[in-house]
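In: with the sequence up front, the predicted model follows.
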Amino acid sequence: MPSRLFLFSCLFLCHGLVFAQVAPRVRVVEVDSGWAANSVNTVVFRKNSIVTHGRTQYIAYYNQEGFVVIGKRRGDRSWQLKTTRYRGKVTDAHNSISIMVDDAGYLHMAWDHHNDKLNYCKSIAPGSLELGEKITMTGLNESSVSYPEFYKLRNGKLLFLYRDGQSGGGNLVVNLYDLRKGKWEQLHANLIDGEGRRNAYWQACVDNKGQVHISWVWRETPDVASNHDLGYARSDDDGLTWKRSNGSQYQLPMTAGSAEYAAMIPQRSELINQTSMTTDEQDRPLIAGYWKRKEDAAPQYRVVYFTGNEWKEIVLGFRTTDFSLSGAGTKRIPISRPQLIAWHQGKRNCFAVVFRDEERGNRPSAAICTNIENPRWKVVDLSAMNLGSWEPSYDTELWRKKNTLNLFLQGTDQADAEGKSSLPAQMISVLEWKP
């Protein structure tokens, strides 16, 4: 497949931030064209859009007709693609595709959910692009599914998280796949309980020890303006029991009253839901998002992190364009929700916030900090392409193994509140970057 290598150029300093037009060591490998009339292929909460198992990388997306396409490549070989029999309601940007590969090499896929019956299947054989029939997981709480996400644990088991119920009143379901048994079991029908009055929008990650970390914002109604506060929990037994950062155990389900809060954020703070979290080399959690404090002229990207003793908030502070979040449905927003990656360089904990911003021409960009204790930022563009309404999703398993970032890239156009644009099919690519 064609690829393009972008070279580093043009540094300048502004307000203590170093900006660069295009980052070094970036390669963009084209895959195929796909549906682009909204952001269903490029929403941030896809876990995963691309995923590596062994030396093989897999990808999934909707084509122009709304059929699910899956593909694989080995190393730098060309993509092998297969259009499946499965289709999604692509006009609703919530209905994204999530994939994961278990340690036996079977591809697991969930797709087309926005308060819908569970759509789930597996490949018919290890390494195969042929998918089997739709099947249930546990048969429990599978009639109103949204936001399906797979997470791979260090012991080879898989977690599957999704919302059961409606925005403003749903609960978080957690299922566990045991490779030896070859089946799913439900760990929690209601891990984070909105008590019929609110629901949690979460993000999660798995650290070096195999602990699962989860954070979330509460939403009181379907209106995004009612998002507030940032809760936190972790599990060291594959999602069965959960603790606060000080080690004290939660009585489940977790509620607004019992939650530990990494940051207190009022409603109507332009707080976005479903962003990103990761951990540093000491397995301490870091959470990325954006919101607006009273002193801010515009919503700013922020990183909230745990030092081992307390939670701290870092404000990136480089944005100047104000906007306001309100209403239901997928919004047309001038910035993307961010992804967050972290790595170790000598004795320093480094991290990068990956994002898109109209201020930077809607390019895929990264704000890089090489010392969390003394945060200074270098902001780089990872490509010169204008990607419209794109949000970043990436190969979590490849990053975990090699600290190489592979981003799912596609120009998309999201009309406000689930509207459909007239943008025709656009090229899908994988952007490869070594920070």
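Out: Okay, I see it.
In: from now on I want contacts and neighbour counts done on CA atoms only, so please keep to that.
Out: OK.
In: wait, what's in contact with the one residue sitting closest to the centre of the chain?
Out: Central residue check for the chain by Cα atoms, centre = their mean: the C-alpha nearest the mean position is that of F45, 3.7 Å away. When contacts are counted by Cα atoms under 8 Å, 6 or more residues apart in numbering, F45 touches 147, 149, 203, 274-275, 393.
In: secondary structure class for it?
Out: coil (DSSP: H, G, I helix; E, B strand; the rest coil).
In: quick check: pLDDT value at it.
Out: For F45, the pLDDT comes out at 95.
In: cool, R197 as well?
Out: 89.
In: which one is it nearest to, not counting chain neighbours?
Out: G169 (5.4 Å; Cα to Cα, 6 or more residues apart in numbering).
In: quick check: the one you found touching Y201?
Out: No - if you go by Cα atoms under 8 Å, G169 and Y201 don't touch, sitting 11.0 Å apart.
In: any weak-confidence spans in the stretch 101-250 of the chain?
Out: The model of the stretch 101-250 of the chain has no residue with pLDDT under 70.
In: that older thread, what's the local residue count around the residue nearest to R197?
Out: For G169, the count of nearby residues is 20 (other Cα atoms under 10 Å).
In: also Y301?
Out: 22.
In: repeat for the one 3 residues further on
Out: The tally of other residues near V304 (other Cα under 10 Å) stands at 19.
In: pLDDT wise, what is it at?
Out: 98.
In: break down the protein into its helices, ranges please.
Out: 396-402 (DSSP state H).
In: alpha carbons only: can I get stretch 64-77 in CSV?
Out: Presented in CSV, the C-alpha positions along stretch 64-77 are these (Å, rounded to 0.1, in the frame of the first residue of the first chain):
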residue,chain,number,x,y,z
GLN,A,64,-19.6,3.5,2.1
GLU,A,65,-22.5,1.1,2.1
GLY,A,66,-22.4,0.6,5.9
PHE,A,67,-21.0,-2.9,5.9
VAL,A,68,-18.3,-3.8,8.4
VAL,A,69,-14.9,-4.3,6.7
ILE,A,70,-12.1,-6.1,8.7
GLY,A,71,-8.5,-6.4,7.6
LYS,A,72,-5.1,-7.5,8.7
ARG,A,73,-1.4,-7.0,7.8
ARG,A,74,1.8,-8.6,9.0
GLY,A,75,4.6,-6.2,9.5
ASP,A,76,4.9,-3.9,6.5
ARG,A,77,2.9,-6.1,4.2
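In: which residues does it contact?
Out: For stretch 64-77, the external contacting residues (Cα under 8 Å, 6+ apart) are 1, 33-36, 55-63, 79-90, 129, 424-425.
In: and the residue nearest to the centre of the chain, how far from K294?
Out: 28 Å (Cα to Cα, to the nearest Å).
In: which of the contacts of F45 count as buried?
Out: 147, 149, 203, 274-275, 393 (16 or more other Cα atoms under 10 Å).
In: JSON lines for those, including distance to D116?
Out: Formatted as JSON lines, the buried ones among the contacts of F45 follow (distance: Cα to Cα, whole Å):
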{"residue": "Y147", "distance to D116": "10"}
{"residue": "E149", "distance to D116": "15"}
{"residue": "Q203", "distance to D116": "21"}
{"residue": "Q274", "distance to D116": "19"}
{"residue": "T275", "distance to D116": "22"}
{"residue": "S393", "distance to D116": "23"}
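In: list just the nearest of these to K243.
Out: Using Cα to Cα, Q203 is the member of those that lies nearest K243, at 16.2 Å.
In: the closest one and P285 touch, don't they?
Out: No - using Cα under 8 Å, Q203 is not in contact with P285; the gap is 11.5 Å.
In: between these two, what contacts are shared?
Out: Listed as contacting both Q203 and P285 by Cα under 8 Å, 6+ apart are M277.
In: burial count for Q345?
Out: 11.
In: ok, it - contacts?
Out: T370.
In: so where's the stretch 251-400 of the chain uncertain?
Out: 329-330.
In: tell me where it has strands.
Out: For the stretch 251-400 of the chain, the strands defined by DSSP state E, counting those that start in this stretch occupy 260-263, 276-279, 285-291, 300-306, 311-315, 339-345, 348-357, 363-369, 378-381.
In: one step back: most widely separated two among the buried ones among the contacts of F45?
Out: It's Y147 and S393 that sit farthest apart of these, by Cα to Cα, at 14.0 Å.
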